[in-house]
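J.: Need coordinates for the following:
(one chain, ligands or ions: 1)
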Amino acid sequence: MCGIIGVVVSNKSTRYSPGSMIFRGLLRLEYRGYDSAGVASICGDKLIVLKGKGRIIDLEKKLGFSKICGSVVIGHTRWATHGAPSDINAHPHTDCRNWFAVVHNGIIQNYLDLKKTLINKGHVFKSDTDTEVIPHLVEDYYGVLRNVYRSFKQAVRVLKGSYALLLISVHEPEKIFFAKKDSPLIIGLGNGFNVLASDIPAILEYTRRIITVRDGWIGYVSGNDVYIEDLDGNIVDWRRYVRIIDWSISDAVKAGYPHYMLKEIHEQPRALKDTFYGISRDENIVRVVDMILDAEKVFVTGAGTSFHASYYFALVTNVLAGVMVYPFIASEFESYTSAVGEGDLLIVVSQSGETMDALKALRAFKERGARIVAVSNVVDSAIPRESDIAVYTRAGPEIGVAATKTFTTQTLVLAWIAVFLAKSCGCIGDDEAREYMDLLGDSAKIVSETISVTEYAAKKLSEWLYRVKSAYYLSRWIGVPVAMEGALKLKEIAYIHAESYPAGESKHGPIALVEEDFPVIFIVPSNREVEKLLLGNIKEMKARGAVIIGVVPEDSGLVDEMDYVFSIPRTHWLITPITHTPPQQLLAYYTAVRKGLDPDKPRNLAKTVTVE
Ligand code: M6R
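T.: As a prediction, the model looks like this:
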C-alpha cells in the first residue's frame, strides 16, 4: 500500500515547480505509507531518479526532491509489501536502459513468473519488488512496437493483481501514462498542467476539478490534455466524469494542531453535523431499510475500527428493531460464505472504501447472490462502486492513521439506519423515532461538550498511563464495541497492550492478570441496568488492586467508584459510541505524545490497507 503522484506541466507560469508540487503532494500522501520514497523526471533527454529509505522530509533534505528538473515528474511514498524497506526497493523503478520509470500502488500477483521470463530474455533486476517487472515489460514490448503507449498497454494486459500505476519515458517526455485496477487513482485537471494521485489531499492545493479513474481505465495525460480508454478499448469521454471537490484545503492540513489526530478528534462536532445533514436528506436510507427488511439474512462487516462500528450496528438493530444482523470481521469472510445465498444482504463498513479485506468479503458475498450496501467516507471509492447502494459519512479527509471522526460518524449513520428500520417495521412509534432522530441531530453539540470537559482529564491521566505495559477496557452490551475501540486506539498509537472484552468474562480467565496498579478502563453507558451490572465488575477488579478508570455519566453512582473519571453528560445509550469514544481517543493521543511517539504515523501501520 503506497501513495503515488504525477505532475505534467505545459505552462511554465504555474505557481509551483513540478518538483515542488510532487514534494508537497507526497507529504500529503505520507499517511498511505512512509518507509521509503522517491521521484523521477525527464530532464532534457535523460531519466533522473532520486529515491531512498526514510521519511519524505529527511529525503528532501538529502536528495532534494523538490528541486528535481523537468516538467514531467512522478513520485511515490511506500509501505513495503514485496521487498523490505530499502533504498533499492524504493520506487520509482526503471528498466535496463533507463528509458522508463514506474511508480505503483498495489500488488502484481504474477510478478515471479514475469520476472523469470524477463530474466531469461536478458533483463537485469535491481530490486526485490513486484513493481520492477513493469518497466522491464514495457522495455521488452517497446523493442518490438517502438511506441510507448502501445507497449504500456501490452504490458498492463499481462499484469495480474492490483495496480494504480504511472509511467514516464524518455521516448515521449511530455506525457504520464497511467493504468488502474483495484487501487485508487484520481486525475486533477489544472490550467496548463495536470496531476495524477492516489488521493484528493495530494492535489487539492493545485486544483479542485477531478476525475476518479475507474477500474480498467488506461491512458495518458499531458499538460493540456487527457486521453482515456476503457477495458474494451473504447475511448472514454472523460469530461462526463469531472467533478468539483468542495473540501477546503484547510480540511486537509493540520490547521494549527500539533498532529492530525488531535485536529480530527476536535473536528468531530463538525463531522457529525455534516454527516447528520447528509443522511437526513439521503434518499438511499429508505432503500437500505427496504433491503434489510426484504433480506433473509443480514450480515455486517468491516476491519479494525469499522468492525467496531459494524458490531455496534448489530446490537442496535437487535434492540430497536428485533432484527438479527450477523457481525463479522472482514478478513474472516470465508467462515461465513457457505451460509450465504440469494436474498441475503451484506453491509460493508469502510471509511476509505478501499480496504482489501472488506472488498474481498464484498466480492465473495456478491458472487453468491447477496446484495451489498456500502457505508463509506470516500465517494466513488472501490467498495461503494462495487455495491448495489452506498450511504456516506461526511467526515472529510482523515489523515491520522488512527480512525477518530470516521468512527463516530459511521455510528451516526448506522444508528440512523437502525432507527428508520425500527420505525418501518413498527417496532417503535413515530414519536419515539422522532426522539431518536433529534438525539442524533444533537450529537454534534453533545460531542463538543464531551471533548471540552474531558480533554484536561485525558492529559492528566496520560502522565500516569504512559508508564504502564498493559490495560483492560471493559463494558457490557452497547458499551462493548466502544471499549474495543478504546483499546485499539491505545494499542495502535501508544504501543500499550490493551485488551477489551465484555466485563462479565473477567471471572472466566482474564482477571488472573490483575494485580496492584493494573489499569482497568470501564465504559459505562447511560443505562441504569448496565450501570448496576458493572458495579459488581468494578468491585471485583478493585479487590485485586486494579486502578479503576471510567468514562461515566456525570450523575451515575459509579463516579464515586473511580480512581480516575471522565465524567460526561448523561444522554441516551443509543449514542454511546459518540459520547464515550472521544475521551478514549484523547487518552490514547496524549499517552502517545507523552511517550514521545508520533500519533499520526504509528509503526507498522498504514491508513488504507489495500493488501490482504
Ligand atoms: O478504511 P477502513 O475503515 O476500511 O479501515 C479499516 C481499518 O484498517 C481501520 O479502521 C484501522 O483499524 C484503523 N487504524 C483504526 O484506527
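J.: For the ligand, give me its nearest residue in the stretch 151-300 of the chain.
T.: With Cβ to the nearest ligand atom, the shortest gap between the stretch 151-300 of the chain and the ligand falls at Met261, namely 9.5 Å. C-beta: built from backbone N, CA, C; applies to glycine.
J.: and that residue, helix, strand or coil?
T.: Judged by DSSP: H, G, I helix; E, B strand; the rest coil, the three-state class of Met261 is helix.
J.: Disregarding residues adjacent in the polypeptide, which is nearest to it?
T.: Excluding the flanking residues, the one nearest Met261 by Cβ to Cβ, 6 or more residues apart in numbering is Gly400, at 3.7 Å.
J.: can you pull the pLDDT of the one you found?
T.: Per-residue confidence (pLDDT) for Gly400: 92.
J.: go on, Ala252?
T.: 65.
J.: Ok, Ala358 next?
T.: 98.
J.: any idea how far it lies from Pro602?
T.: Distance of Ala358 to Pro602, computed by Cβ to Cβ, to the nearest Å: 20 Å.
J.: what sits against the residue nearest to Met261?
T.: 31, 259-261, 263-264, 599-600, 607 (Cβ atoms under 8 Å, 6 or more residues apart in numbering).
J.: how near is it to Tyr31?
T.: 7 Å.
J.: Between the two, which contacts overlap?
T.: What both Gly400 and Tyr31 touch, as defined by Cβ under 8 Å, 6+ apart, is the set 260, 600, 607.
J.: Neighbour count and pLDDT for those residues - can I get that in CSV?
T.: Below are the shared contacts of Gly400 and Tyr31 laid out as CSV (neighbours: other Cβ atoms under 10 Å; pLDDT from 0 to 100):
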residue, neighbour count, pLDDT
Tyr260, 24, 93
Asp600, 24, 93
Lys607, 24, 80
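J.: How about the secondary structure of Ile478?
T.: Ile478 ends up helix, using three-state DSSP.
J.: And for Val468?
T.: coil.
J.: ranges for the helices of the stretch 401-550 of the chain?
T.: 405-424, 430-465, 480-494, 528-542 (DSSP state H, counting those that start in this stretch).
J.: What lies in contact with the last one?
T.: Residues outside helix 528-542 that contact it (Cβ under 8 Å, 6+ apart) are 472, 474-479, 503-504, 506-507, 511, 514, 520, 522, 524-525, 548, 550, 553, 556-558, 561, 573.
J.: Just the buried ones from those?
T.: 472, 474-479, 503, 506, 511, 514, 520, 522, 524-525, 548, 550, 553, 556, 558, 561, 573 (16 or more other Cβ atoms under 10 Å).
J.: now, which of those residues lie within strands?
T.: Among those, DSSP state E puts 472, 474-475, 520, 522, 548, 550, 553 in strands.
J.: Let me know how buried the closest residue to the ligand within the stretch 201-350 of the chain is, in neighbour terms.
T.: Using Cβ to the nearest ligand atom, the closest approach of the stretch 201-350 of the chain to the ligand is made by Gly304 at 1.9 Å. Number of residues near Gly304 (other Cβ atoms under 10 Å) recorded here: 24.
J.: My guess is it contacts Ala487. True?
T.: No. Gly304 is beyond contact range of Ala487, at 11.6 Å (criterion: Cβ atoms under 8 Å).
J.: ok, so of the shared contacts of Gly400 and Tyr31, who is nearest Ile187?
T.: Lys607 (21.3 Å; Cβ to Cβ).
J.: Pull the contacting residues for that closest one.
T.: With Cβ under 8 Å, 6+ apart, Lys607 has these contacts: 31-32, 352, 398-401.
J.: Now do the phi/psi pair for Leu345.
T.: phi -140, psi 140 (degrees, to the nearest 10).
J.: what's the nearest residue to it if we skip its chain neighbours?
T.: Counting by Cβ to Cβ, 6+ apart, the residue nearest Leu345 is Ala295, at 3.8 Å.
J.: Ok, Gly70 next?
T.: Per Cβ to Cβ, 6+ apart, closest to Gly70 is Ser41, 3.5 Å.
J.: Pairing partners for the helix or strand harbouring the one you found, with directions?
T.: Using DSSP states H and E, the element containing Ser41 is strand 36-43. Strand 36-43 has its sheet partners listed here by DSSP bridges as strand 46-53 (antiparallel), strand 72-78 (antiparallel).
J.: Save the ones you listed as CSV, and put in mean neighbour count too.
T.: CSV is the format used below for those (neighbours: other Cβ atoms under 10 Å):
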stretch, mean neighbour count
strand 46-53, 19
strand 72-78, 30
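J.: The ligand: which of the ones you listed is closest?
T.: With Cβ to the nearest ligand atom as the yardstick, what comes closest out of the strands paired with strand 36-43 is strand 72-78 (17.4 Å).
J.: what is the mean pLDDT for the following helix or strand past the closest one?
T.: Following strand 72-78 in sequence order, the next helix or strand is strand 93-94 (DSSP H and E). Confidence for strand 93-94, expressed as mean pLDDT, is 98.
J.: Show me what strand 93-94 is in contact with.
T.: By Cβ under 8 Å, 6+ apart, strand 93-94 touches 40, 47, 49, 100-102, 104, 126-127, 129, 131-132, 134-135.
J.: hmm, back to that, farthest pair in the contacts of Gly400?
T.: Applying Cβ to Cβ across those, the maximum distance is between Lys263 and Lys607, 14.8 Å.
J.: where along the stretch 51-200 of the chain do the strands fall?
T.: 72-78, 93-94, 100-108, 161-169, 176-181, 186-189, 193-197 (DSSP state E, counting those that start in this stretch).
J.: among those strands, which is the most enclosed?
T.: When the strands of the stretch 51-200 of the chain are scored by mean count of other Cβ atoms under 10 Å, the highest mean neighbour count falls to strand 72-78 (a mean of 30).
J.: just how off-centre is that strand within its chain?
T.: 21 Å (Cα atoms, centre = their mean, to the nearest Å).
J.: again with stretch 371-380
T.: That offset, for stretch 371-380, works out to 13 Å (Cα atoms, centre = their mean).
J.: Sort out which residues of that stretch are buried, please.
T.: In stretch 371-380, counting by 16+ other Cβ under 10 Å, buried: 371-378, 380.
J.: just those residues now: which is nearest Asp232?
T.: Asp380 (21.0 Å).
J.: residues in contact with the residue in the chain sticking out farthest from the centre?
T.: Residue farthest from the centre of the chain, counting by Cα atoms, centre = their mean, is Val144 at 41.7 Å. By Cβ under 8 Å, 6+ apart, the contact set of Val144 is empty.
J.: And Ala498, by the same measure?
T.: Counting by Cβ under 8 Å, 6+ apart, Ala498 has contacts 470-473, 486-488, 490-491.
J.: out of the residues you listed, which touch the ligand?
T.: Leu488 (Cβ under 6 Å from any ligand atom).
J.: which among the contacts of Ala498 end up buried?
T.: 471-473, 486-488, 490-491.
J.: wait, which of the residues you listed is closest to the ligand?
T.: Leu488 (5.9 Å).
J.: Touching, Ile200 and Asp246? I think so.
T.: No. No contact is recorded between Ile200 and Asp246 when judged using Cβ under 8 Å, the distance being 10.8 Å.
J.: So for the two, which sits in the more crowded spot?
T.: Comparing Ile200 with Asp246 by other Cβ under 10 Å, the one with more neighbours is Ile200, at 21 against 7.
J.: How much space separates the spatially closest residue to that one that is not a sequence neighbour from Leu461?
T.: Excluding the flanking residues, the one nearest Ile200 by Cβ to Cβ, 6+ apart is Ile245, at 5.9 Å. Separation of Ile245 from Leu461 (Cβ to Cβ): 39 Å.
J.: again, but for Thr117
T.: In terms of Cβ to Cβ, Thr117 sits 59 Å off from Leu461.
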